[in-house]
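Colleague: my questions are about this predicted structure, shown below with the sequence.
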Amino acid sequence: MGRPERPVATANACLEELAQWLRAQRHAAGLTHRELAGRSAHAFSDTTFSRATTGTRIPRLPVVEAYARACGASVTHARRLWRAARYAEHRHRNPGARVPRPDRVYNKGELIHALQQLYYKAGAMPMDEMEHRAGDHGELPHSTVRRMLAGTSMFDLQQLYAFLHVCDVTGSAWEQWCQAWKRAKRRCEVLHAADRALRTRADGRPGPRDRARPAGAPRRSAGAPRAFPPVALAMPLFRSAPVPAAARPSPRPFAGST
């Protein structure tokens, strides 16, 4: 079986669990690292398989999956251990990271933030790897994932399905994420409709009050004061009869005039 393996030395408890589990699967199968490489059709070398269980760094997901598959072990369980190790490393580097809660998502910003956390909880695999695992028909372009992680774009529903599939989200959690997306989408539509109504009034196009104007009446231009109907005066104005010139008083001379 070759030289004895060194103890796994890592501060990441989840990574240690992954390394120990891989070693146990190889010992149970009675294989060497070279035989593992042969069973994997030499997709990875025996050195790569050997380094995957040292604990010095987290191996890539395809290496872990090929290791488990060559040993006849559960690939799903190996993937779960790999995700846990990656997320533990992320939380060590980002102490404020939290497990995403789709039931607390109500708008676009909250959805993007929650999906970002889900990405890291699922192992934060390379984006081109995510695109490959989603399918060969562009269900989840890596550029779309990059924009979502940057906070500048939101998935459509089909892209969300592909993202959840790659992140191994199943069961009731799947439905919670779909409902979160629908709430955020509905909120975006409400805000867009309100903004469009405001811009419509600012452009001078007919608003709710202007639609009731009489047919043929001129449309009020933007910024022009609103025309109000004339208001009847409380007391009517009239002119008195003219006064004869003989009855008019003569003007008084100024004081001191001669």
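Modeller: In hand now; what should we look at?

Colleague: name the residues of the lengthiest helix in the chain that come out as buried.
Modeller: The helix spanning the most residues in the chain, taking DSSP state H as the definition, is helix 171-202. Within helix 171-202, the residues scored as buried using 16 or more other C-beta atoms under 10 Å are 173, 176-178, 180-181, 183-185, 187. The way it works is simple: take the backbone N, C-alpha and C, and place the C-beta from them, glycine included.

Colleague: mind putting those residues into TSV with distance to Y106 and pLDDT?
Modeller: Compiled in TSV, these are given as follows (distance: C-beta to C-beta, whole Å; pLDDT from 0 to 100):
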residue	distance to Y106	pLDDT
A173	18	95
Q176	13	96
W177	14	97
C178	14	96
A180	8	96
W181	11	96
R183	5	96
A184	7	95
K185	11	94
R187	6	93
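
Colleague: ok so, going back, which helices and strands does the longest helix of the chain pack with?
Modeller: Contact analysis of helix 171-202 by 3 or more C-beta pairs under 8 Å, 6 or more residues apart in numbering; DSSP states H and E lists helix 108-121, helix 157-166 as its packing neighbours.

Colleague: pLDDT weak spots in the stretch 51-200 of the chain?
Modeller: Across the stretch 51-200 of the chain, the ranges flagged by pLDDT under 70 are 136.

Colleague: if we can go back for a sec, R39: which of the buried residues of helix 171-202 is nearest?
Modeller: A173 (33.9 Å; C-beta to C-beta).

Colleague: which residues touch L140?
Modeller: Contacts were defined as C-beta atoms under 8 Å, 6 or more residues apart in numbering; by that measure L140 touches 130-131, 134, 159, 162-163, 166.

Colleague: ok, 10 Å please
Modeller: Contacts were defined as C-beta atoms under 10 Å, 6 or more residues apart in numbering; by that measure L140 touches 127, 130-134, 148, 155, 158-163, 165-166.

Colleague: pick the one among those residues closest to A37.
Modeller: Of these, the one sitting nearest to A37 (C-beta to C-beta) turns out to be H132, at 22.2 Å.

Colleague: for the closest one, give me phi and psi.
Modeller: The phi and psi values for H132, taken as degrees, to the nearest 10, are phi -70, psi -40.

Colleague: burial count for it?
Modeller: With neighbours defined by other C-beta atoms under 10 Å, the count for H132 comes to 15.
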